[in-house]
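Participant: I need the structure of the sequence given here:
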Amino acid sequence: MQINIVQGHDPDPGPTFANVVIDTIRAFTVAHFAFLSGVRSIYLAESVEQALSFRKHHPDCLLAGEIQGLPINGFDLDNSPARIDRTPLNGRRLIQKTTNGVKAALNALNSEYVLVTGLSNARSTANFLKRVLQQHSPQAPVVQLIASHPSGDDDLACAQYIQGILNSSGGPDLEATVRRIRESEAAQKFLDPGRPEFPLEDLTYCTAELNTSFVMRVRHREGLAWIERQPIS
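Facilitator: Okay, the predicted model is just below:
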């Protein structure tokens, strides 16, 4: 198995067996807790305009996302995992638009498996992928771990943590990974009491590893891409 780590949301990572797109603070932590709260699926929108247009045709969907970390005017939800966790979502569908994670996922569809995660579902995602590779993989499969923040250490730390699990190399442990995420540039605004728009409790959600029975897999068809739960069997 060849494991590549790439950083940023713009490059097309090319054809691979699996692309794992990581957005720890906060898009795919939000997605994880949305599924835990009962969301059916999450559509990925490239722009605010696309999100609003899709909702116009699917008024049952809720809009969730951010621009530069801040709420989007006209959206139902922002990009806070803590607030998502407190929102009744059972049976609902979301439309998600974010700066890094969603964009990176939409640029990573050229793969048999496209998975998204933050740290909260990182180990479950890595273990699922190991099982898939053992059972179904071609010769010398290529796995890309895409740290969606173009320069931040939070997604890179999570990518290296997943890499260690995949190749059983004894890579960075959970404690070291959490420390790097909390010390990353992206985390600092959540630690600043002068910036209440970035709640500290979000950082707690983004650095808590959970043992869940599903991964988040991206499907796409006819110009639409969405995340759905895939059980870990």
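Participant: CA only for contacts and neighbour counts going forward, please
Facilitator: Will do.
Participant: could you say which helix or strand holds the residue most central in space within the chain?
Facilitator: By C-alpha atoms, centre = their mean, the chain has its centre lying nearest to Phe28, at 2.7 Å. Phe28 belongs to helix 27-36 when elements are defined using DSSP states H and E.
Participant: quick one: contacts of that helix?
Facilitator: Contact partners of helix 27-36, identified using C-alpha atoms under 8 Å, 6 or more residues apart in numbering, comprise 22-23, 41-42, 65, 79-81, 84-85, 89, 98, 101-102, 116-121, 205-206, 216, 229.
Participant: what do you get for stretch 60-69?
Facilitator: Residues from elsewhere that reach stretch 60-69 (C-alpha under 8 Å, 6+ apart): 27, 51-52, 55, 71-72, 75-79, 92-99.
Participant: rerun at 6 Å
Facilitator: Ile72, Phe75, Asp76, Leu77, Asp78, Asn79, Arg93, Leu94, Ile95, Gln96, Lys97, Thr98 (C-alpha atoms under 6 Å, 6 or more residues apart in numbering).
Participant: and if you look at stretch 48-58?
Facilitator: Ala45.
Participant: going along the chain, name the helices of the chain.
Facilitator: Under the criterion DSSP state H, the chain contains helices at 27-36, 48-57, 81-85, 101-106, 122-136, 153-167, 174-183, 185-188, 200-206.
Participant: run the chain-centre distance for the third one.
Facilitator: Counting by C-alpha atoms, centre = their mean, to the nearest Å, helix 81-85 is centred 14 Å from the centre of its parent chain.
Participant: so where's the chain uncertain?
Facilitator: Scanning the chain for pLDDT under 70 picks out 11, 13, 137-138.
Participant: so what's the gap between the helix holding Phe28 and the chain middle?
Facilitator: The answer for helix 27-36 is 8 Å, by C-alpha atoms, centre = their mean.
Participant: stretch 203-217 now?
Facilitator: Taking mean C-alpha positions (C-alpha atoms, centre = their mean), stretch 203-217 and its chain are 10 Å apart.
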